[in-house]
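1. give the three-dimensional model of this entry:
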Amino acid sequence: MIFMLAASAICALLYGVFYCHSAPSILRVVLKVGATALLTLWAYWSGAPLLIVLALGFSTLGDGFLGASEERFLLPGMAAFFIAHAAYIPLFWGHPSEDPSMLVLATQIVITFGAAGFLRSLVPWVEPPMRIPVMAYTVIILVMVNAALRLEPSLWLAALGAIAFAASDTILSLELFRLKQDARIRRLTSPAIWFLYFGGQAAIAWAFIQLVA
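-> Numbering: from 1, shown residues only. Predicted structure coming up:
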């Protein structure tokens, strides 16, 4: 099990440092897909809930699509990640805190209104055929994060991972629809997207594996 996790981390590190902002290539796709595929196998063999394995499996599929070409395979990639986010929702709702604090409720309200404002500012930059998929994707992320905020205290790492996963998608949407291809900030946003995404999913899996161990 440790070998799979270590191999996954090595693939993720290599991809994030050397390939996340490079042109599509076979090695780029292999490292990206390999990182999440190995993480999926590690989660499965470590006894993670099947919903986590499902989420990681569809994330691997999404990585394959977007790693090959974000332009050609954006919609199927989004569909795969939509299912990944959706798989986390019943998992999180099944482990709620017995006494959610007012701070959690206030945070959920702030995040909800913040997401609505962000979506409103983003939509004019999105091509009309993509607007409904983008809005649907934003809603599923929002529901996932709100569910994560209600997790029992022992699963704080999973909540943090869910927030990181959502932050990754938020930055990615700016890359896809707002930033120019030659924008210098992409040198920072591309690795941030990857490490928030991979680290967030690894954190979710780790937290639940420790819970059931």
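2. helices and strands around the helix or strand hosting V110, which ones?
-> Following DSSP states H and E, one finds V110 within helix 102-122. Here helix 102-122 touches helix 128-149, helix 156-177, going by 3 or more Cβ pairs under 8 Å, 6 or more residues apart in numbering; DSSP states H and E. (Each C-beta comes from the backbone N, C-alpha and C, glycine too.)
3. and if we set it to 6 Å?
-> Counting contacts by 3 or more Cβ pairs under 6 Å, 6 or more residues apart in numbering; DSSP states H and E, helix 102-122 packs against helix 128-149.
4. figure out how far the helix holding V110 is from the centre of its chain.
-> Mean-position distance between helix 102-122 and its chain equals 18 Å (Cα atoms, centre = their mean, to the nearest Å).
5. mind listing residues that contact that helix?
-> With contact meaning Cβ atoms under 6 Å, 6 or more residues apart in numbering, helix 102-122 is reached by 138, 142, 146, 149.
6. what sits against the second one?
-> Applying Cβ under 6 Å, 6+ apart to L142 gives the contacts A115.
7. give me the pLDDT value at the residue nearest in space to the middle of the chain.
-> Against the mean C-alpha coordinate of the chain, by Cα atoms, centre = their mean, the closest residue is F165 at 3.5 Å. Here the pLDDT value assigned to F165 is 97.
8. got JSON lines for the contacts of helix 102-122, with pLDDT too?
-> Below are the contacts of helix 102-122 laid out as JSON lines (pLDDT from 0 to 100):
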{"residue": "T138", "pLDDT": "96"}
{"residue": "L142", "pLDDT": "97"}
{"residue": "N146", "pLDDT": "96"}
{"residue": "L149", "pLDDT": "95"}
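9. now I141: closest residue in space, sequence neighbours ignored.
-> Nearest non-adjacent residue to I141, counting by Cβ to Cβ, 6 or more residues apart in numbering: A166, 5.0 Å away.
10. hang on, the one you found packs against V145?
-> Yes: in this structure, A166 is within contact of V145 by Cβ atoms under 6 Å, at 4.9 Å.
11. mutual contacts of those two, please.
-> Here A166 and V145 share no contacting residue, scored by Cβ under 6 Å, 6+ apart.
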